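Participant: next come a sequence and a model predicted from it.
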Amino acid sequence: MTTATDGPAPLEAADRYRAGVLKYAQMGYWAPDYEPRATDVLALFRITPQDGVDPEEAAAAVSGESSTATWTVVWTDRLTAADTYRAKAYKVEPVPNSPDQFFAYIAYDLDLFEPGSIANLTASIIGNVFGFKPLKALRLEDMRFPVAYVKTFDGPPTGIVVERERLDKFGRPLLGATIKPKLGLSSRNYGRVVYEALRGGLDFTKDDENINSQPFMHWRDRFLSCMEAVNRASAATGEVKGHYLNVTAGTMEDIYERAEFARDLGSVVIMIDLVIGYAAIQSISKWARRNDMVLHLHRAGASTYTRQKSHGISFRVIAKWMRLAGVDHIHAGTVVGKLEGDPDMIAGFYDILREPINPVDLRHGIYFEQDWASMRKVMPVASGGIHAGQMHQLLTYLGDDVILQFGGGTIGHPMGIQAGATANRVALEAMVLARNEGRDIWNEGPDILAAAARDCSPLRAALDTWGEITFDYTSTDTPDYVPTSTPS
Amino acid sequence: MRLTQGTFSFLPELSDEQIGAQVEYCLTRGWALSIEVTDDPHPRNTYWEMYGEPMFDLHDAAGVLMELASARATFPDHYIRINAFDSTQGWETVRLSFIVNRPAEEPGFELIRQEVEGRHLRYTLRSYATSRPEGERYP
C-alpha cells in the first residue's frame, strides 16, 4: 500500500517556477492530502508505469497531461489560478493480483470542462495521456460526474419510461432481431425479413452497424421497404412495432436528411453508430428530442478500446458518457452470448445505464458513487449469439428493462422467421409469468421452457435446434476484486 | 386476428388463479392495480375506460379478482386489461399490463396507405370494430 509519505515534498514558488524540467509530482499534480470536492470531476485510471517510474510520479504525469501540464515548467502558469486548474492525483493503490499495475485517482476542478460537451470532456481526460512515454499502458476505469455537471447535459431524448409508454409495452424485456445477412440483401427482400420477424412477435428489428447506403441497397429504398413492413406487422398484431433505421452516414448533413426521412415515414426509432463521434451523437440526440424519436446507439468500434484490461477505456465509462450525451438504447452485453462479457462487469454497465444512483460496488467495477440527478434511463441492449433456450438466464442476469436481440436465433429458425420470432416471444412471456409467480427460474428454466413448448411447436423446434448451444470462454474484462468466469 | 398487446398475449388465456398470482407479484412491490376496458384496441389508444379508480389501498389479490369478475359481467365482449402502477420516483408509470378479457371475434385492423410524393406512403391504422359506434362494436 502506497502512503502519502512516499511522494516528494512540495516546492516553494520560486523553485517551482524556475525554468527547466521537474517531476510532475513536484509540479503539484500529486496531492495525497487533497480531499476531493463534491463538485470535482473524478477519474480512476489503471496505470502500468515503465520500469523505474514510481507509481506516484506516473499518476502525477497522468494528472498533469490530462489537465494543465506540459513537459516543462512554464512561467505563464503564474498568470492563472493554477493551483485550482491543476488536476490532482490524490490516491494511488496497487491493483490486486497485478504487481505492475496501480489505480490512480485523480480529481479535476469543474471549471476545466465546458458544460454539456462530451467532446471537451474527453479531449481532456483521454486527449493526450494515452500515448505518454513513462507509461507502458493506461486504462480509464471509471469516472464520477458531479450533479452540477450532469445537469448541463440533456441525457436520453426518450428514456426507458417514456419509451415503454410510447410503445405500450410493459413488464417484460423487449424483443428484437438484427436483419441477416447484414450485407447484400436488396431492400425488397430486407423488408420481407423485417415483416416476418415483427409479425411473428418481435417488438423491434434492427439494421446492422454497417448497413448505410450501399450499391445493393440505397438508404431510401431500405427506409421505404422497412416502414411498409413495420406498418403491415403493426396492423396484423395491433401492437406498436419499430425498425431501427440506421441513419449513420458520411456527414452530419446526410445523417439529418436520413433522420428526417425516417420521421416523415412515421418511424418510432432511428439508429446511429458510435463511430460517428461524440459531437455527432449529441447533435442527433438533440434532433431526436425535437422529433419525439427513440435513439438507438450501436457501440460499433467500442471493443477496440474497451476489451483489454491494461489499456484503453472501460465500457462503464463509455456507458456514462453515452447516458450524458443522450441515447435511448445502447448495446451493453449479454453475459451468455457470443461476445465478451463477464456477469459482474455487465451488471455494473446495466446499473450505470438504468439506475438513479450508483453506489460504490467494486465487485461490479463501480469505483465512485454517481448520482444521475433524475437523468432519464438508457435501455441496454443484449445482442449477439443468444437464443430462446437461454431465456431464464437472460431474465435473471439482465432483468426486465433490456432489449433482447435474437438475430440468428430468429432468422435461422428451422420453421421460418415468423416461427423464430414466436418462439422467442413465447419463451419470454412464459419465463416472466413463471418468475412473477415466484418460481425459481434459474433452476426450473428448462422445465418452464419445455412446458411452454408443449403449446408452441416453434419454441419446441428452437429448443431442439439451439438448446445446447453455449459460448463458454473466459472473459478478458473481469473484476479486480472478485474473480469469476463467464457462465455457459 | 389476435390482439397481442399486453405482457402475456402469446400465452394461452390466463386462469383466474394465474391472474391472481400476477396481482400478488404487483402487490408485493407496492404497485397499485387498476382495471381498464375498451372496444377500441388501436395500439395508440392510450386511454382505455377506467373501470373504477386505481385500487391504491387494496392489498389482497382476491379484491382485484372480484373487481375483474364485475368488469367481465358488465363488459363480456370488450377488451379488459389489468395495469399495475408504480409511484416510485423515476418510474411513476405502468410496470405491468396484461389483457384478461377479449371479444370472441377480433376483426383486427385495416392498413390504409395514402400515396404521396415520390414513393412515399402515409400509413394509417384503422380498427374494423370502430366503424360502429362505441358500445356497439362487438356482438
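Facilitator: Thanks, I have it. Keep in mind that this is a model prediction, so the values were computed, not measured.
Participant: could you list the low-pLDDT ranges of the stretch 1-150 of chain A?
Facilitator: A:1-10 (pLDDT under 70).
Participant: all strands of it, in order?
Facilitator: A:41-49, A:88-94, A:102-108, A:135-144 (DSSP state E, counting those that start in this stretch).
Participant: could you check the angle strand A:102-108 makes with the last one?
Facilitator: When axes from the mean of the first three to the mean of the last three CA atoms, to 10 degrees is applied, the directions of strand A:135-144 and strand A:102-108 differ by 50 degrees.
Participant: what are the C-alpha coordinates of strand A:135-144, in CSV please?
Facilitator: Output for strand A:135-144, consisting of C-alpha atoms alone and laid out as CSV, is shown next (Å, rounded to 0.1, in the frame of the first residue of the first chain):
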residue,chain,number,x,y,z
LEU,A,135,3.6,4.6,-19.0
LYS,A,136,3.6,1.2,-20.6
ALA,A,137,-0.2,1.2,-20.6
LEU,A,138,-3.1,3.2,-19.3
ARG,A,139,-6.8,2.5,-18.9
LEU,A,140,-9.6,4.8,-17.8
GLU,A,141,-11.6,2.6,-15.4
ASP,A,142,-14.3,4.9,-14.1
MET,A,143,-15.4,8.5,-13.7
ARG,A,144,-17.6,10.4,-11.3
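Participant: and the stretch 51-200 of chain A, which residues reach chain B?
Facilitator: Those residues of the stretch 51-200 of chain A that sit near chain B, judged by CB under 8 Å from any CB of the partner chain, are A:161, A:164, A:165, A:168, A:170, A:171, A:172. No exception for glycine: its C-beta is placed from N, CA and C like everyone else's.
Participant: re earlier: switch the strands of the stretch 1-150 of chain A over to a markdown table; also include mean neighbour count.
Facilitator: Converted to a markdown table, those look like this (neighbours: other CB atoms under 10 Å in any protein chain shown):
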| stretch | mean neighbour count |
| --- | --- |
| strand A:41-49 | 23 |
| strand A:88-94 | 22 |
| strand A:102-108 | 24 |
| strand A:135-144 | 22 |
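Participant: between those, which one is closest to residue A:318.
Facilitator: Evaluated with CB to CB, those place strand A:135-144 nearest to residue A:318, the distance being 9.5 Å.
Participant: who's in contact with the residue in the stretch 301-450 of chain A that chain B sits nearest to?
Facilitator: Shortest the stretch 301-450 of chain A-to-chain B distance, computed as CB to the nearest CB: residue-wise this is residue A:436, at 4.0 Å. With contacts defined as CB atoms under 8 Å, 6 or more residues apart in numbering or on different chains, residue A:436 is in contact with B:21, B:22, B:25, B:96.
Participant: check residue A:328 too.
Facilitator: Residue A:328 makes contact with A:156, A:157, A:158, A:159, A:163, A:269, A:288, A:294, A:295, A:296, A:378, A:379 under the criterion CB under 8 Å, 6+ apart.
Participant: can you redo the residues you listed as a markdown table with pLDDT, distance to residue A:329 and neighbour count?
Facilitator: Below are these laid out as a markdown table (pLDDT from 0 to 100; distance: CB to CB, whole Å; neighbours: other CB atoms under 10 Å in any protein chain shown):
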| residue | pLDDT | distance to residue A:329 | neighbour count |
| --- | --- | --- | --- |
| A:156 | 98 | 9 | 29 |
| A:157 | 98 | 11 | 23 |
| A:158 | 98 | 9 | 27 |
| A:159 | 98 | 11 | 20 |
| A:163 | 98 | 8 | 26 |
| A:269 | 98 | 8 | 24 |
| A:288 | 98 | 11 | 25 |
| A:294 | 98 | 7 | 25 |
| A:295 | 98 | 7 | 29 |
| A:296 | 98 | 4 | 28 |
| A:378 | 98 | 7 | 28 |
| A:379 | 98 | 5 | 24 |
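Participant: helix, strand, or coil at the residue positioned nearest the centre of chain B?
Facilitator: The C-alpha lying nearest the average C-alpha coordinate of chain B belongs to residue B:81 (CA atoms, centre = their mean; 3.4 Å). Residue B:81 carries the three-state label strand when classified by DSSP: H, G, I helix; E, B strand; the rest coil.
Participant: which residues touch it?
Facilitator: Contacts for residue B:81 (CB under 8 Å, 6+ apart) come out as B:5, B:6, B:35, B:36, B:48, B:97, B:98, B:99, B:100.
Participant: also near chain A: which of those, exactly?
Facilitator: Taking CB under 8 Å from any CB, the overlap between these and the neighbourhood of chain A is B:5, B:97, B:98.
Participant: just to revisit the earlier point, can you tell which of the strands of the stretch 1-150 of chain A is closest to residue B:65?
Facilitator: strand A:135-144 (48.3 Å).
Participant: partner strands of the closest one, parallel or antiparallel?
Facilitator: strand A:41-49 (antiparallel), strand A:312-313 (parallel) (DSSP bridges).
Participant: could you give the average pLDDT over the last one?
Facilitator: Along strand A:312-313, the predicted confidence averages to a pLDDT of 97.
Participant: could you list every helix and strand that the helix or strand following that strand packs against?
Facilitator: Using DSSP states H and E, the next helix or strand after strand A:312-313 towards the C-terminus is helix A:315-325. Identification of packing neighbours for helix A:315-325 by 3 or more CB pairs under 8 Å, 6 or more residues apart in numbering or on different chains; DSSP states H and E yields helix A:118-125, strand A:135-144, helix A:278-290, helix A:343-354.
Participant: roughly how far out does helix A:315-325 sit from the chain middle?
Facilitator: For helix A:315-325, the distance between its averaged C-alpha position and the chain's averaged C-alpha position is 6 Å (CA atoms, centre = their mean, to the nearest Å).
Participant: then stretch A:318-335?
Facilitator: Its chain's C-alpha centre lies 3 Å from the corresponding centre of stretch A:318-335 when counted by CA atoms, centre = their mean.
Participant: with stretch A:28-43 instead?
Facilitator: Remark: stretch A:28-43 is offset 27 Å from the chain centroid, using CA atoms, centre = their mean.
Participant: ok, stretch A:72-84 next?
Facilitator: Taking the mean of its C-alpha atoms, stretch A:72-84 sits 37 Å from the chain's own mean (CA atoms, centre = their mean).
Participant: circling back: most tightly packed of the helices and strands packed on helix A:315-325?
Facilitator: Mean neighbours per residue, mean count of other CB atoms under 10 Å in any protein chain shown, is largest over the helices and strands packed on helix A:315-325 for helix A:343-354, with a mean of 24.
Participant: excluding its backbone neighbours, what's nearest residue A:150?
Facilitator: When the adjacent residues along the chain are set aside, residue A:150 lies closest to residue A:373, with 4.8 Å between them (CB to CB, 6 or more residues apart in numbering or on different chains).
Participant: contact partners for residue 59?
Facilitator: In the absence of a named chain, chain A is used. With contact taken as CB under 8 Å, 6+ apart, residue A:59 is in contact with A:29, A:30, A:45, A:47, A:89, A:92, A:102, A:104, A:106.
Participant: other chain: chain B
Facilitator: residue B:27.
Participant: assign it to helix, strand or coil.
Facilitator: Reduced to three states with three-state DSSP, the structure at residue B:59 is coil.
Participant: need the contact list for whichever residue of chain B sits closest to chain A.
Facilitator: Of the residues in chain B, the one nearest chain A is residue B:96, at a distance of 3.5 Å by CB to the nearest CB. Contact partners of residue B:96, counting by CB under 8 Å, 6+ apart, are A:170, A:171, A:436, B:7, B:22, B:25, B:26, B:31, B:82, B:83, B:84.
Participant: where along chain B do the helices fall?
Facilitator: Listed in chain order, the helices found in chain B under DSSP state H are B:16-28, B:61-74.
Participant: pick the most deeply packed of the ones you listed.
Facilitator: The most buried stretch of the helices of chain B, if neighbours are counted by mean count of other CB under 10 Å, is helix B:16-28, with a mean of 18.
Participant: who's sitting farthest from the centroid in chain B?
Facilitator: Among the residues of chain B, the one whose C-alpha is farthest from the average of all C-alpha positions is residue B:118, by CA atoms, centre = their mean at 38.0 Å.
Participant: what's the burial count for residue 38?
Facilitator: Just so you know, I chose chain A. As a burial measure, residue A:38 scores 10 neighbours (other CB atoms under 10 Å in any protein chain shown).
Participant: could you do chain B instead?
Facilitator: Per other CB under 10 Å, the neighbour tally for residue B:38 reads 18.
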